[in-house]
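Trainee: I need the structure of the sequence given here:
(chains A and B)
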There are 2 protein chains.
Amino acid sequence: MNIRVQKFGGTSLGSPERIRHVARLIKNSKEETKDAFVVVVSAMGHTTDELINLAKQVSSVRNSREMDMLLATGEQVSIALLTMALHELGLKAISLTGFQAKIKAEQVYSKARILEIETEKIKDYLKNDYIVIVAGFQGITENTEIVTLGRGGSDTTAVALASALNAKVCDIYTDVDGVYTADPRVVPNARKLKEISYDEMLELASLGAQVLHPRAVECASYYDTIIHVRSSFKNEIGTFVKGVNELEVKNSVSGVALDKNQVKIALLEVPDIPGMAGKLFTSIADKGYAVDMIIQSVHGKETNDIAFTVSRDDFEEVEKIAKQVALEIGAKGVIIDENVAKVSIVGAGMVGRPGVAATMFNVLGEAGINIQMISTSEIKISCIVDLEKSELATRVIHEAFIEEKSLQAV
Amino acid sequence: MNIRVQKFGGTSLGSPERIRHVARLIKNSKEETKDAFVVVVSAMGHTTDELINLAKQVSSVRNSREMDMLLATGEQVSIALLTMALHELGLKAISLTGFQAKIKAEQVYSKARILEIETEKIKDYLKNDYIVIVAGFQGITENTEIVTLGRGGSDTTAVALASALNAKVCDIYTDVDGVYTADPRVVPNARKLKEISYDEMLELASLGAQVLHPRAVECASYYDTIIHVRSSFKNEIGTFVKGVNELEVKNSVSGVALDKNQVKIALLEVPDIPGMAGKLFTSIADKGYAVDMIIQSVHGKETNDIAFTVSRDDFEEVEKIAKQVALEIGAKGVIIDENVAKVSIVGAGMVGRPGVAATMFNVLGEAGINIQMISTSEIKISCIVDLEKSELATRVIHEAFIEEKSLQAV
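Mentor: Numbers count the residues shown, from 1 in each chain, chains lettered A, B, ... in the order given. Next up is the predicted model:
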């Protein structure tokens, strides 16, 4: 039995008409492939927002267990409706909630991780020629508590199911038609990638290309499940996300990402005594905030400046912590710069090609763009630049690494 | 531990404001009584209708398993929201779905019966001072299938929980303030009953007084659980439904019910051969339709007329069956009369007082109302009369049995 897992997001299921459209897509895929189908769905369109709004009207107290109880209903509505739409087309189909599909998760409300999926029941239905429709985003704990998997949770459900069922491909249907070399709204010449490695996708996902949730990619990478990101509105091949060894071509740069959701915080003239930086970043981490880039620069003989970036959502809280710590360790002051953005290039073929970083810096320099901070990994180079110049930065980098190369390659 | 079960219907939970109001009611009850509280809720306001409407837009095929999957989300939303509203008031509360509360039911979609409730989990929460909020209307089968209990299912959930938990009283909060001697829209002098027996309530419930679902009353009767029907909008005592031996006064007539949802079907000149009536009513029952009143009258020497009533919803289907059977058994024809209604008097004290029936017939005769069919039970007498005169019939009967008596009694 060849099993195929497909996932449809909230936009694809946003209305009764769209649900019927998705049912037809599944019918077509099934007739084409003759595979056994498991379909994972999100809540319809704005359902989750509406439920959150109801909760706010009822209570100012936020209880994550009850929020999970509330939000899990969204996917349950979707599975029932999509199953009915498949019945309408004369197909055998059955819906399963997270607990019925035995998607076992840890007891961490609102951001649980999937521990295990017992697939006997699903396989039984598949053997009897049912299309099995599973509620995404939710799991059940040992103690029969309903937990949700956090943002992008349905992607994770789909990939975890594909892995548990040994499906070779997991189709993630969404409202974009694949993974692009850059955001087409910023870079008009951006083009759709035919394939990308898990690691590249992870870097792009974390960098704000909101196509796939990082945990879904991690899970696919771990089990070597190929993800096919494609549009539910266009009938064309999207982008395959797979192992680096299975890529046809390893691009030195696969994509350029722009993240405007960054704020820079700098502590000035921190006494040059061991443990100062540790104290600062422990205080921030203890409150649950993530720091992205960090730079420490020598200021004078006895003091350093420490600069770092955090998410725009967190910066006011982090600013308070930084000011408190600055006082305690005797730093001269704290400076906030909201006028920054992060431009990154990502490529699995970057390893062992030192010229890539140099080219990036040169390109930015030639365009008159000042680099404030730099961080690198095996397959990524990120620069903090002025917010106003960040879209220009993205375009010139894309031109240098992707458009020129594609001219040569094609 | 003194346990109290309360049930709130969809109207009482129809908006965020009303949910907050219900939370305050529960808080007040808890502070007054110091009891442990289990609260059963229905879906908010028109949620169920909206979900059914969504289903219709998606599919013309009606699958009861998937409808149950869909509709069960309504109560799950309610339990989460009410629990949040209780948190807002500083109370400890936790929500449980049907499967979490271990409400085990038979696998009959859309009208399952509760088989058993395992109460350990609920009791544990109660011991830890939690108010436990349970989703009504839904149960879980041995095979972890989600089933619903049919119309009025939340009442049944509440009473079954009260029975399983040995609660002495089950408060059913609704949008009326109790059980009345007649429908106040028809009989302006109708008054609220202080108490009524299970059997009387059952007759009234079946007769269309839509206060309590018959299965809830049956369940309460079996376990001797007292039901208190009361308004969630007025803070006053409603009507207690209890065992006939616990009534303070046994009224010969407790209430007058009017049921306009009846249609009369008559087969004319049925050959007087044994088995004819059996053939007719077996054919109807086999299709799942319930017949209410039946009269067989001698027409001539060799033929009888057979008349019966069915629910207005069913009559077109039943008419087809009757015409088919009429053809087979050689009856002369089938007549339909939609212009009828059923007026009934119900009273636990009616037993052994033959004068009651005679008085009813006299009162109707004096008002110029013709009686077309009669049926009686231990505690009920029903007459089919002209639809146009049925409200008048209700009023004159109410006047004769209830208003005159109350003048004497008070």
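Trainee: residue boundaries of the strands in the stretch 201-350 of chain A?
Mentor: Along the stretch 201-350 of chain A, the stretches classed as strands by DSSP state E, counting those that start in this stretch are A:226-231, A:239-242, A:255-259, A:262-271, A:291-298, A:303-311, A:333-337, A:340-346.
Trainee: Quick one: those as a markdown table, columns for mean neighbour count, mean pLDDT and distance to chain B too.
Mentor: (C-beta placed from N, C-alpha, C; glycine too.) Below are the strands of the stretch 201-350 of chain A laid out as a markdown table (neighbours: other C-beta atoms under 10 Å in any protein chain shown; pLDDT from 0 to 100; distance: least, C-beta to the nearest C-beta, whole Å):
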| stretch | mean neighbour count | mean pLDDT | distance to chain B |
| --- | --- | --- | --- |
| strand A:226-231 | 22 | 94 | 22 |
| strand A:239-242 | 24 | 95 | 30 |
| strand A:255-259 | 25 | 92 | 34 |
| strand A:262-271 | 20 | 92 | 32 |
| strand A:291-298 | 15 | 86 | 33 |
| strand A:303-311 | 20 | 90 | 27 |
| strand A:333-337 | 15 | 93 | 35 |
| strand A:340-346 | 25 | 94 | 38 |
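Trainee: and residue B:187, which of the ones you listed is closest to it?
Mentor: strand A:226-231 (63.5 Å; C-beta to C-beta).
Trainee: Report all helices and strands that that closest one contacts.
Mentor: For strand A:226-231, the elements it packs on are strand A:169-174, helix A:214-223, strand A:239-242, judged by 3 or more C-beta pairs under 8 Å, 6 or more residues apart in numbering or on different chains; DSSP states H and E.
Trainee: Give me the phi and psi for the closest residue to chain B within the stretch 151-300 of chain A.
Mentor: Residue of the stretch 151-300 of chain A nearest chain B, by C-beta to the nearest C-beta: residue A:232 (16.1 Å). Note on residue A:232: backbone dihedrals following degrees, to the nearest 10 are phi -80, psi 0.
Trainee: so what's it up against?
Mentor: Counting by C-beta atoms under 8 Å, 6 or more residues apart in numbering or on different chains, residue A:232 touches A:8-9, A:12, A:21-22, A:25, A:173-175.
Trainee: Where does residue A:29 sit: helix, strand or coil?
Mentor: At residue A:29 the chain is in helix, as set by DSSP: H, G, I helix; E, B strand; the rest coil.
Trainee: Can you read off the pLDDT for it?
Mentor: pLDDT recorded at residue A:29 is 93.
Trainee: Could you export the contacts of residue A:232 as JSON lines, including neighbour count?
Mentor: Listed next are the contacts of residue A:232 as JSON lines, based on neighbours: other C-beta atoms under 10 Å in any protein chain shown:
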{"residue": "A:8", "neighbour count": "28"}
{"residue": "A:9", "neighbour count": "22"}
{"residue": "A:12", "neighbour count": "22"}
{"residue": "A:21", "neighbour count": "17"}
{"residue": "A:22", "neighbour count": "23"}
{"residue": "A:25", "neighbour count": "18"}
{"residue": "A:173", "neighbour count": "24"}
{"residue": "A:174", "neighbour count": "24"}
{"residue": "A:175", "neighbour count": "13"}
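Trainee: will you turn these into CSV that also has distance to chain B and pLDDT?
Mentor: Converted to CSV, those look like this (distance: C-beta to the nearest C-beta, whole Å; pLDDT from 0 to 100):
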residue, distance to chain B, pLDDT
A:8, 14, 96
A:9, 18, 92
A:12, 14, 93
A:21, 11, 96
A:22, 10, 97
A:25, 15, 95
A:173, 18, 94
A:174, 21, 88
A:175, 20, 83
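Trainee: what sits against the residue nearest to residue A:221 when sequence neighbours are not counted?
Mentor: Nearest residue to residue A:221 in three dimensions, chain neighbours excluded: residue A:198, at 3.6 Å (C-beta to C-beta, 6 or more residues apart in numbering or on different chains). Residue A:198 sits next to A:217-218, A:220-221, A:241-244 when contact means C-beta under 8 Å, 6+ apart.
Trainee: 10 Å instead?
Mentor: Contacts for residue A:198 were tallied using C-beta atoms under 10 Å, 6 or more residues apart in numbering or on different chains; they are A:217-222, A:224-227, A:241-244, A:348.
Trainee: Can you get me a residue count around the residue lying closest to residue A:289 once chain neighbours are set aside?
Mentor: Once flanking residues are discounted, residue A:289 sits nearest to residue A:314: 4.8 Å by C-beta to C-beta, 6+ apart. Look at residue A:314: counted by other C-beta atoms under 10 Å in any protein chain shown, it has 18 neighbours.
Trainee: Equivalent analysis for the one 4 residues further on, please.
Mentor: Using other C-beta under 10 Å as the criterion, residue A:318 is surrounded by 23 other residues.
Trainee: Same check on the one 4 residues further on?
Mentor: Look at residue A:322: counted by other C-beta under 10 Å, it has 24 neighbours.
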